[in-house]
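In: model the following, please.
(one chain, ligands or ions: 2)
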Amino acid sequence: MPGTNRQKILLIDSYDSFTFNLADLFQRAVPNSELYIVKNDEITIEELIPHLPSFAAIVVGPGPGSPLRAQDVGIIRHLWHLPREHVIPIFGVCLGLQSLAVEHGATLHRLPVVKHGQISHVKHRNTDLFEGVGTVDAVRYHSLHVTLSLLTCPSLEELAWADDGSENGYVVMALRHRYRPFWAVQYHPESVCTSEGGLQVVKNFWKLAQEFSKGRTQSPVPWDPELPFEGPWPPTRLANKRLSAEVEPAVVKSQVLQDVSLPITQIAELLSNPSSNDNAIVLDSAAHPGRYSIVGCPVPSMIRISHYVGDHYVSVSGKKTTVRYPLGGQSVWDWLSKFMSARHAQGGNPELPFWGGLVGYFSYALGVQTLEIQTSPTSRRHPDVNLVFVERSVVLDQKTHELHIQSIIPDDDEWITQTYNTLREAQASPPSQDSLTAFRAPAVTSIKLPDEQSYREGIKECQEYLFSGESYELCFTAQTRISLPYLDTSSSRARAWALFNRIRLVNPAPYSCFMRLGPSTLISSSPERFLSFSRGGSCQLRPIKGTARKSTVPTRQEAERILGTPKEFAENLMIVDLIRHDLHAVAGMDVRVERLCQVEEYETVWQLVSVIEGEVGAGKGWSVLKSCLPPGSMTGAPKKRSVEILQSLEAEERGIYSGVCGFWDVGGGGDFSVVIRSCMNYQDHSTTPETSTSGSDGMSTGTDEVWEVGAGGAITALSEVDAEWDEMVVKLQSVLRSFQ
Ligand SMILES: C=C(O[C@@H]1C=C(C(=O)O)C=C[C@H]1O)C(=O)O
Ligand SMILES: NC(=O)CC[C@H](N)C(=O)O
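Out: Ligands and ions are numbered 1, 2, ... in the order given. As a prediction, this is how the structure comes out:
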């Protein structure tokens with residue numbers, strides 16, 4: 001509880017993506033402390049000084065950029081020069097160490113060979129910060145480093161080093177100030193792969209800080225609850241307000257059909273007419289580790305909820321009308337959360353992830369908005385939030401072959417029985433073939449691929465940012481446009497449905513889907529779960545980083561060798577640390593890495609996958625979704641700076657690509673995948689071909705219907721341009737293969 005006499009620590013965040021990992025490490029090292037967090041430019045040093053006596057120590061976290069650039073370090077550089085009476089123990093990490101060093105006369109250099117997500121052995125003398133610390137193998141995230149000379153920085157003392165041999169020689173890994181209570185490490189003690197140099201080093205810092213403070217005569221200052229800091233961290237878990245139940249929860253009714261062998265696409269055709277309806281939903285676990293496939297069955301009252309970034313309203317469209325609801329100061333997330341609270345349901349099969357609820361996507365731009373990045377207005381084609389509310393559904397369990405027919409509409413037993421009978425009859429007659437020959441690849445008028453030269457230049461520019469310390473990893477992407485001959489609305493819809501049938505057979509993926517949401521159609525064959533959350537609040541994120549082409553790497557053994565290199569491991573580890581941070585922000589300390597860098601097999605590629613889990617409490621999973629977008633695997637780290645860099649390098653908007661799609665269930669759970677290996681089309685059927693506009697921005701024209709496919713890959717300092725171009729092409733082909 002704030003205001004207790006627990007010791008308070010102020011953590012200064014330089015817009016890094018590991019801040020909450022550091023908060024977690026401190027909380028574990030000093031359990032009776034409370035952490036408060038402030039961004040380095042949120043407060044001036046003059047504003048901070050009066051609050052300093054409230055704190056026992058300050059932690060200066062890592063961050064992008066340079067300790068010599070004022071806008072990168074904000075107040076940090078002033079902390080080292082406070083007058084004696086304000087001096088407070090400080091622990092610096094990475095940028096924090098660099099700032100301490102340059103402010104006391106050290107020289108800053110670029111590393112000849114940068115170290116991002118790489119593990120180095122750190123030599124130390126077992127004293128001071130390292131007393132009682134064994135062998136340190138630590139993760140490094142830096143492009144810059146400092147050198148000290150006795151002449152220019154007599155007040156600093158080196159405490160630890162990494163021997164980078166012919167690459168960089170000896171690199172300083174820890175420092176202390178000789179006369180003031182300042183210590184710092186260059187490596188990342190909070191990384192999941194740092195061993196020994198984390199917890200014990202922080203405990204030692206705390207002991208040294210306490211010794212310093214004991215020698216002081218200052219009396220503690222009463223806690224001021226008005227402090228302009230975020231905290232205390234970890235957040236206290238509030239009881240779920242919804243349980244106060246202003247609304248009577250709906251009841252889920254269901255019936256189960258056993259031994260179902262019909263493919264989900266045929267079930268969808270029987271129940272929801274996806275080849276012609278305005279809104280259509282099929283979520284298909286077409287490959288391992290997917291298990292459930294879901295069809296949203298239409299009802300005349302089905303509504304679609306849409307919102308564009310920058311607008312102050314949400315649109316709710318029914319069959320004939322659209323109503324705009326003003327947001328009135330709340331975010332679209334608050335609006336959606338209220339919408340879902342009012343539609344809370346119970347009584348469904350607890351084994352099933354979905355009973356009914358919102359199904360659709362959230363765009364990349366929506367996530368970018370939460371990072372508070374200035375963006376130019378989007379083209380406003382695909383809505384940034386686009387969801388339908390599904391009240392009738394069927395869920396196929398691919399493992400047990402049980403089909404669950406469900407409704408949350410009151411007194412809907414007749415539909416359930418009717419649907420049961422329809423499916424039982426269909427089941428009795430032999431299922432028609434679910435083979436590729438049934439679905440011709442749509443003929444293509446033209447394909448506009450990313451310009452190879454510019455893409456290659458872009459990779460090099462990314463690397464220049466990585467070498468200069470602006471980012472550790474950048475997920476660089478580009479758009480491809482496929483033009484098909486224009487067809488009337490109903491033929492075009494039938495073609496889109498056939499295309500989905502083809503893609504799920506050509507590139508079966510655990511998160512395949514077909515979503516027609518008003519003017520936007522999304523067909524996905526994504527291998528990557530972004531986030532699932534159970535009704536009880538258990539969250540799982542499954543970032544993928546590391547890709548090998550199966551046509552050239554045929555065996556698992558070979559894939560494990562290729563994806564087991566330090567380059568691939570680092571690429572994945574960086575995103576794991578980023579996702580841990582994202583999840584810690586909501587889940588507090590309850591975050592664990594369940595799996596690190598395991599090879600999984602997909603239709604055309606091998607992928608390196610990690611699994612991060614945490615607990616946020618019943619009904620709170622959606623708040624993880626809200627705060628963790630855009631997916632870290634599609635940005636790179638640190639997230640904010642990386643997104644800004646990517647916006648300056650990528651020629652076009654990402655749109656739905658790099659966003660997430662999936663469902664938010666009326667029981668409080670959800671499952672969202674990353675929109676990759678997907679294609680999308682925007683078609684405003686209210687305009688005739690003659691009146692619709694030009695195709696240069698991907699909109700269908702009078703003569704063409706345009707489908708967009710995004711593809712890319714994570715660029716690290718170790719990336720090679722040829723291999724990255726090739727990786728982007730392989731990912732693109734996983735979708736392009738389904739067109740003629
Ligand atoms: C960018 C894409 O994929 C992302 C990048 C990956 C990588 O760099 O290995 C793997 C999966 C995705 O997180 C894409 O498929 O377009
Ligand atoms: N992790 C960090 O704090 C990085 C510091 C600095 N931007 C560098 O790259 O060296």
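In: tell me how far the most centrally placed residue in the chain lies from ligand 2.
Out: Nearest to the geometric centre of the chain sits residue 631, at 2.0 Å (CA atoms, centre = their mean). If you measure residue 631 against ligand 2 using CB to the nearest ligand atom, to the nearest Å, the figure is 21 Å. Using the backbone N, CA and C atoms, a C-beta is placed for each residue, glycine as well.
In: pLDDT of stretch 422-440, averaged?
Out: For stretch 422-440, the mean per-residue pLDDT is 80.
In: run the chain-centre distance for it.
Out: Chain-centre distance of stretch 422-440: 38 Å, with CA atoms, centre = their mean, to the nearest Å.
In: in the stretch 401-550 of the chain, what residue comes closest to ligand 2?
Out: residue 469 (3.1 Å; CB to the nearest ligand atom).
In: mind listing what the closest residue to residue 669 other than its chain neighbours touches?
Out: Nearest non-adjacent residue to residue 669, counting by CB to CB, 6 or more residues apart in numbering: residue 535, 4.5 Å away. If you count contacts by CB atoms under 8 Å, 6 or more residues apart in numbering, residue 535 has them with 350, 618-619, 665, 667-669.
In: right, and residue 519 touches residue 493 too?
Out: No - counting by CB atoms under 8 Å, residue 493 is not a contact partner of residue 519; they are 11.8 Å apart.
In: identify the residues contacting stretch 66-76?
Out: Stretch 66-76 is contacted from outside by 12, 14, 39-45, 48, 60, 63-65, 77, 95-96, 98-99, 101-103, 108, 144, 468-469, using CB under 8 Å, 6+ apart.
In: typed the wrong thing, it's stretch 149-161
Out: Outside stretch 149-161, the residues that reach it (CB under 8 Å, 6+ apart) are 100-101, 104-107, 122-125, 127-130, 136, 148, 170-180, 183, 185.
In: start to end distance for it?
Out: 15 Å (CA to CA, to the nearest Å).
In: next one: phi and psi at the residue in the stretch 551-700 of the chain positioned nearest to ligand 2?
Out: Closest residue of the stretch 551-700 of the chain to ligand 2, CB to the nearest ligand atom: residue 638 (8.1 Å). Per-residue torsions, residue 638: phi -60, psi 140 (degrees, to the nearest 10).
In: report pLDDT for the residue nearest to it when sequence neighbours are not counted.
Out: Once flanking residues are discounted, residue 638 sits nearest to residue 17: 4.1 Å by CB to CB, 6+ apart. What the model reports as pLDDT for residue 17 is 91.
In: which SS state does residue 17 fall under?
Out: Using DSSP: H, G, I helix; E, B strand; the rest coil, the structure places residue 17 in coil.
In: which helices and strands sit right next to the helix or strand bottoming out on mean pLDDT in the chain?
Out: Every helix and strand of the chain was ranked by mean pLDDT, DSSP states H and E. The lowest is strand 230-233, at a mean of 86. Contact here means 3 or more CB pairs under 8 Å, 6 or more residues apart in numbering; DSSP states H and E; on that basis strand 230-233 packs against helix 19-29, strand 33-39.
In: average model confidence for the last one?
Out: The average pLDDT within strand 33-39 is 95.
In: could you pull up the residues touching residue 704?
Out: 445-446, 483-486, 695.
In: brain fart, residue 628
Out: So residue 628 contacts 530-531, 541, 579, 582-583, 586 (CB under 8 Å, 6+ apart).
In: next one: it from residue 635, what distance?
Out: As judged by CB to CB, to the nearest Å, residue 628 and residue 635 stand 11 Å apart.
In: next one: residue 406
Out: 36 Å.
In: which element is residue 497 on?
Out: Applying DSSP states H and E as the criterion places residue 497 in helix 489-506.
In: now the following helix or strand past that helix, how far from the centre of its chain.
Out: As assigned by DSSP H and E, the chain's next helix or strand after helix 489-506 is strand 511-517. Its chain's C-alpha centre and that of strand 511-517 lie 20 Å apart, by CA atoms, centre = their mean.
In: do strand 511-517 and ligand 1 meet?
Out: No - against ligand 1, strand 511-517 shows no contacts by CB under 6 Å from any ligand atom, the least distance being 11.9 Å.
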